[in-house]
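1. Task: produce atomic coordinates for the following.
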Amino acid sequence: MKHPWQVWSLFGLCLAMVLPGMVWLTYRAIQLDRAEALAQQHADLEETIGSALWQMDTELTRLLAVEIARPASFYRSLPAAADTGKAATQLATARPVPPSPYVHLHFELRPDGTWSSPQCSQSQSDDIARKDDAPQQSVRGSQDRLDDLAQSVGYDDLIGRLPRQNLEADWLAQNVPSRNTGLLALQNKVFQNTFDLPEFRQQLDVGQLEATEGDPDGPLQQQAVTGANPYLQARNQRIQQRRSNELQNRDEALQAAAQQAFVDNYLNTAQIGPPASEVLGVSQPLWVGQRLLLARRVETGGETVIQGCWLDWPKIKAALLERIEPILPGADLEPVLDPRQVRFSRVLATLPVQLIAPDAVPSLHSWSSMEGGESASLEGYRGTLPFFSQPLRVSLWVAWGFFALATLALAVLLRGVVTLSERRAAFVSAVTHELRTPLTTFRMYAEMLAEGMVVDEGQRNVYLQTLKAEADRLTHLVENVLQYARLERNSQSKRRETIRLNDLLERIEPRLRERAEQAEMTIVIEADAAQRQIQIATDPAAIEQILFNLVDNACKYARASDDRRIHCRVEADTRAVRIEVRDHGPGISRADTRRLFQPFSKSAQAAANSAPGVGLGLALSRRLASQLDGRLTVSRGNEPGASFTLRLPRSA
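-> Residues are numbered from 1 along each chain as shown. Below you'll find the model as predicted:
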């Protein structure tokens, strides 16, 4: 390309094509990493919820198993008895297990709408109630609750909501004596919960529970596995299957505990025993308004009565939430009033209640807050979700680092190529100009001498001296170009020889004086006898070329000065020798100093306006000095003119 802006435009276009791709890949990597992290967070939350459900169902199993296993006689009010001792004995045998503090009262409802409760003492049995340590205030409170139930629900409404399944008539007779309950949980249900209802069971069968409209877990689950790897998708499927199995296991644990309680109760009250005419139904927890009841059918005396208890839900809820507070803070429990809207992953196996747990919805912070390894908190849940994981962070930093380094390296390379191209173009122009002038002189003087046009012997000598000076000028130019080319190819000789400084100066001085005399200037060598005896290990030819380039520059730029001396001063210390070349010309500006040692830094126009040359001498001199383990520097002191210092190490 002819113009540098075309190269940079093409570079910018390529960068504009690659950079959006890198940004998109970074965004996708972070998105996939966050999807994976969210899936992991969701799985961890579900594990915690599963543990909380097990703990709550375990606590409720202890409560409900006792209530489910109570005999039918427990729920009946004590009849009036003339003999207090007889009534007390009947009361004691009817209540093998004391009432639970989580139960408001027990009740029995007959088809004619008659409500009764063993906690509500009749006027005839007040003395018995007092002997049973039941304060009058408690009895009156139980009566008020019984009246409240009687006004809130009727027999027909309640009986229609209870399961029709009955316990097998002979299962107690077969298992009570032997305490054999090992297979009862699989063969004989004594309890039915929400997920046993047809509406709920249908959802489990078709596997649509998690996708139920309004279920927050559905969209979250979809979000968690979007873009996640197959391992996490398979893991989520296993979690779904495990949820179903855990629910069944919790239900079976409750069934086994309730049946064992049946056996224990009837063994403890063997003198009473269940009448042959009594058929107990399967117990069912249900909600009546804001009241949580545990009820069952009981067929006795040719009629079907309803027996059950009113559970103290606020107290039960507080105890359960306190139990799971360490592992699931901020959780809540709410009644399941519509089985079709129940959340499968949150339902209890013991009560028609579901757990309300905080959803794993991330609240992100800025990128800067992630640099220290912080993480964004999840609203309502104490778990955390990182902005992106540490391995991805390292990978992205490495990828972007290499991309930046590659871009920078390419930019530096292009800049070097463009700069080199410009300098070489300037060099070709300057060399052409430098070659044209002496060649023109050669041709003109040669023609004049060849045709005998110069007859004066003195004039002929002047022409011959001019031709010799131009030949030296061309030789110096060619030597510099060839020497720089050898340095570029790293083919410069590494030879060294130990030489006294006096011998080196005597070897170089004639050529330097000749060049100064051509410019009508004078070389002044400033070195005392002790300095001249110093020995250095160097390449004399390279030193000669360096000093000649410095003197040649002084002759070019300081030839118009009043003081036409060129000082070559030697200084030495214990480690190095310094040779300073200084003229009394106009000096070097600060702007020119920056590009003074750059190769090909002078164009033909600059050479024509200042002094002839191609801008290669100083660059070559610095390279030669560096190859000799020395250093060439320029100083801008208070003295007029330009000053260059060549520093060379002394020989050991």
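
2. C-alpha only now, for contacts and for neighbours.
-> OK.

3. From residue 256, how far off is residue 307?
-> 21 Å (C-alpha to C-alpha, to the nearest Å).

4. Can you pick out the residue with more neighbours from the two?
-> residue 307 (28 against 23; other C-alpha atoms under 10 Å).

5. Contacts made by the helix or strand encompassing the more buried one with the rest, please.
-> Under the criterion of DSSP states H and E, residue 307 resides in strand 303-311. Strand 303-311 has contacts (C-alpha atoms under 8 Å, 6 or more residues apart in numbering) with 67, 72, 75, 102-111, 155, 159, 291-299.

6. can you pull the buried residues of that strand?
-> 304, 305, 306, 307, 308, 309, 310, 311 (16 or more other C-alpha atoms under 10 Å).

7. Pull up the pairing partners for that strand, direction included.
-> strand 103-109 (antiparallel), strand 291-300 (antiparallel) (DSSP bridges).

8. The last one: which residues count as buried?
-> Of the residues in strand 291-300, those buried under the neighbour-count criterion (16+ other C-alpha under 10 Å) are 292, 293, 294, 295, 296, 297, 298, 299.

9. cool, stretch 562-580 as well?
-> 564, 565, 566, 567, 568, 569, 570, 572, 577, 578, 579, 580.

10. got it, and stretch 100-108?
-> Using 16+ other C-alpha under 10 Å as the test for burial, stretch 100-108 gives 103, 104, 105, 106, 107, 108.

11. repeat for stretch 51-58
-> 52, 53, 54, 56, 57, 58.

12. could you say which helix or strand contains the residue lying closest to the fourth one once chain neighbours are set aside?
-> Among residues not flanking residue 56 along the chain, residue 320 sits closest, at 5.9 Å (C-alpha to C-alpha, 6 or more residues apart in numbering). Secondary-structure element containing residue 320, defined by DSSP H and E: helix 313-324.

13. So what touches that helix?
-> Helix 313-324 has contacts (C-alpha under 8 Å, 6+ apart) with 52, 55, 56, 59, 102, 291, 292, 331, 332, 333.

14. ok, the fourth one - contacts?
-> Applying C-alpha under 8 Å, 6+ apart, one finds that residue 59 lies in contact with residue 320.

15. Distance of it relative to residue 319?
-> Residue 59 is 9 Å from residue 319, by C-alpha to C-alpha.

16. What are the structural domain limits within this protein?
-> The chain breaks down by automatic domain parsing into domains covering 32-356, 405-649.

17. would you turn the strands paired with strand 303-311 into JSON lines with distance to residue 8?
-> Converted to JSON lines, the strands paired with strand 303-311 look like this (distance: least, C-alpha to C-alpha, whole Å):
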{"stretch": "strand 103-109", "distance to residue 8": "84"}
{"stretch": "strand 291-300", "distance to residue 8": "79"}
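
18. Adding mean pLDDT and distance to residue 531, write these out as JSON lines.
-> Putting the strands paired with strand 303-311 into JSON lines (pLDDT from 0 to 100; distance: least, C-alpha to C-alpha, whole Å) gives the following:
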{"stretch": "strand 103-109", "mean pLDDT": "91", "distance to residue 531": "114"}
{"stretch": "strand 291-300", "mean pLDDT": "91", "distance to residue 531": "113"}
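
19. Let me know which of the ones you listed is the nearest to residue 505.
-> Smallest distance to residue 505 across these (C-alpha to C-alpha): 115.4 Å, for strand 291-300.

20. And the contacts of that closest one?
-> Contacts of strand 291-300 (C-alpha under 8 Å, 6+ apart): 72, 159, 162-164, 166, 277-287, 304-313.

21. Centre of the chain to stretch 30-49, how far?
-> On the basis of C-alpha atoms, centre = their mean, to the nearest Å, stretch 30-49 is displaced by 14 Å from the centre of the chain it belongs to.

22. same thing with stretch 304-321?
-> Remark: stretch 304-321 is offset 48 Å from the chain centroid, using C-alpha atoms, centre = their mean.

23. Between the two ends of that stretch, what distance do you get?
-> 37 Å.

24. can you give me the strands for the stretch 1-150 of the chain?
-> Using DSSP state E, counting those that start in this stretch, the strands assigned to the stretch 1-150 of the chain run over residues 103-109, 115-116.

25. Need the buried ones from the contacts of strand 291-300 selected in ChimeraX.
-> Typed into ChimeraX, the line below selects the buried ones among the contacts of strand 291-300, using 16+ other C-alpha under 10 Å:
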select :72,159,162,163,166,278,279,280,281,282,283,284,285,286,287,304,305,306,307,308,309,310,311,312,313
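
26. In a helix, residue 437, correct?
-> Yes: using DSSP: H, G, I helix; E, B strand; the rest coil, the assignment for residue 437 is a helix.

27. That one: how many residues sit nearby?
-> For residue 437, using other C-alpha under 10 Å, the count is 12.

28. cool, residue 14 as well?
-> 11.

29. Could you do the one 10 residues further on as well?
-> Number of residues near residue 24 (other C-alpha under 10 Å) recorded here: 11.

30. and the gap between it and residue 14?
-> 16 Å.

31. now residue 482
-> Counting by C-alpha to C-alpha, the gap from residue 482 to residue 14 is 38 Å.

32. for residue 565, which residues make a bridge with it?
-> residue 522.

33. that older thread, of the contacts of helix 313-324, which is the nearest to residue 528?
-> Of the contacts of helix 313-324, the one sitting nearest to residue 528 (C-alpha to C-alpha) turns out to be residue 331, at 96.6 Å.

34. excluding its backbone neighbours, what's nearest the closest one?
-> Using C-alpha to C-alpha, 6+ apart, the closest residue to residue 331 is residue 357 (4.8 Å).

35. Assess the claim that the one you found and residue 327 are in contact.
-> No: Residue 357 is beyond contact range of residue 327, at 11.2 Å (criterion: C-alpha atoms under 8 Å).

36. Those two: who's more crowded?
-> residue 357 (19 against 14).

37. What count of nearby residues applies to residue 4?
-> 15.

38. Check which helix or strand the closest residue to it other than its chain neighbours maps to.
-> Residue nearest to residue 4 in three dimensions, not counting chain neighbours: residue 418, with 6.2 Å by C-alpha to C-alpha, 6+ apart. Secondary structure assignment for residue 418, by DSSP H and E: helix 390-450.

39. Which positions in whatever helix or strand comes next after that helix come out as buried?
-> Proceeding N to C from helix 390-450, the next assigned helix or strand is helix 457-488, under DSSP H and E. By 16+ other C-alpha under 10 Å, the buried positions in helix 457-488 come out as 460, 463-464, 466-467, 470, 473-474, 476-477, 480-481, 483-484, 487.
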